[in-house]
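Student: the following comprises the amino acid sequence and a computationally predicted model.
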Amino acid sequence: MKHLVNDSKKKKTQEKLAVIRMELDYELAVLFEAMEQNDKEKMDNVKTKLRALREELVRLESLL
């Protein structure tokens with residue numbers, strides 16, 4: 001029974017990691033666009049989001 005619970009938690013964590021990686025890719029594309037437009041405010045906002053996503057990614061990876 002414990003194995004089923006652990007496998008379920010591991011699968012959910014892996015799914016969350018996949019979503020976060022997609023979000024990271026998207027935000028990096030937005031950052032690139034902001035850099036091309038030299039939009040400093042947008043760059044700062046995206047960098048804040050990227051930092052939060054990175055922290056979440058590291059936290060989830062430590063659970064595996």
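Tutor: Alright, I've got the coordinates. Numbers count the residues shown, from 1 in each chain.
Student: can you give me how far the helix or strand E33 falls within is from the chain middle?
Tutor: Using DSSP states H and E, E33 sits in helix 2-36. Computed by Cα atoms, centre = their mean, to the nearest Å, the chain-centroid distance of helix 2-36 equals 5 Å.
Student: for stretch 35-52, same thing?
Tutor: Worked out by Cα atoms, centre = their mean, stretch 35-52 lies 15 Å from the chain centre.
Student: hmm, who's touching that stretch?
Tutor: L24, E27, L28, V30, L31, A34 (Cβ atoms under 8 Å, 6 or more residues apart in numbering). Bear in mind the C-beta positions are built from the backbone N, C-alpha and C, glycine included.
Student: and the residues you listed, which are buried?
Tutor: Neighbour counting by 16 or more other Cβ atoms under 10 Å classes L24, E27, V30, L31, A34 among the contacts of stretch 35-52 as buried.
Student: nearest spatial neighbour of the fourth one, skipping sequence neighbours?
Tutor: So the one you mean is L31. V46 (4.4 Å; Cβ to Cβ, 6 or more residues apart in numbering).
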